[in-house]
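Chemist: Fold the following for me, if possible:
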Amino acid sequence: MELLLLAIAPVTIVILYIYFKDKFEKEPIGFLFKNFLLGATVSIILTAILGSLGGRLIPLTNETSIIQQFLQAFIVVALVEEFSKYIIVRFYAQRNIEFNEPFDGIVYAVMVSMGFAALENVLYVFQYGFATGVTRAFTAVPAHATFGILMGYFMGKAKFSKNKVILNLTGLILATLFHGAYDFFLFINFIPGISIGAFISLIIGIFLSKKAIKRHQQNSIFKF
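Modeler: Take a look at the predicted model:
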């Protein structure tokens, strides 16, 4: 029970943070929960399928190859995972009538991301224990939230723009780049001290996420 709480707690904190940042027009709890569940089920299943295919097409034959680790980080892991989340936001949340202002892109992208992160976190914590849960609470979970915010910022703009395709794909690409950078620096841990790059990329991502949240808050059609 303690491990389950440890795995779920950081996800819950992120969800509440984003929920209360949506100051002017709260989203329905039921629809938020559906997006969370889709993130924890459909996105996970898609990731497993696409990740398996990606692993076969781009195999890791040499763990000390920087090029192979780069491809693993950015394509096999980051692009696969972010695309699996993107699909839910793009074809489920974004088409719903409740998605009625740009900030909603952030809300629903984070909900899908936290569904994904919740199941992933539970699996990791139950497999590797308490220390892993604590570490992921301050690294992997905030990272997934950051990727979701960056993706959702552009997907929120896309809903109300003529350039829907470009803006939606910009969100996917940006999330993939930050996710890939975070994983890449962790994957090449055979280079001493290089893992600090993961935390630098996360800090930059958090900084940009805060600016994205503030900008959509300021431009909310429900502000007045």
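Chemist: out of all of them, which helix in this structure is the longest?
Modeler: Of all segments of type helix in the chain, defined using DSSP state H, the longest is helix 103-128.
Chemist: Kindly provide the distance from Arg56 to Val76.
Modeler: From Arg56 over to Val76 the distance is 10 Å, taken as CB to CB, to the nearest Å. C-betas here are computed from N, CA, C, even on glycine.
Chemist: ah, wrong one, I meant Ile29
Modeler: For Ile29 relative to Val76 (CB to CB), the value is 35 Å.
Chemist: likewise Lys210?
Modeler: 30 Å.
Chemist: Those two: who's more crowded?
Modeler: Shown here are Lys210 and Val76; by other CB atoms under 10 Å, Val76 has more neighbours (24 against 13).
Chemist: In contact with that one, which residues are there?
Modeler: Residues near Val76 by CB atoms under 8 Å, 6 or more residues apart in numbering: 51, 54-55, 58.
Chemist: low pLDDT regions in this protein?
Modeler: Counting by pLDDT under 70, the chain contains low-confidence residues at 224.
Chemist: returning to what we had before: okay, buried residues for the longest helix of the chain please.
Modeler: By neighbour count with 16 or more other CB atoms under 10 Å, helix 103-128 contains the buried residues 103-122, 124-125.
Chemist: next helix or strand past that helix?
Modeler: Downstream of helix 103-128, the first helix or strand assigned by DSSP states H and E is helix 130-137.
Chemist: now the angle from that next one to helix 103-128?
Modeler: 160 degrees (axes from the mean of the first three to the mean of the last three CA atoms, to 10 degrees).
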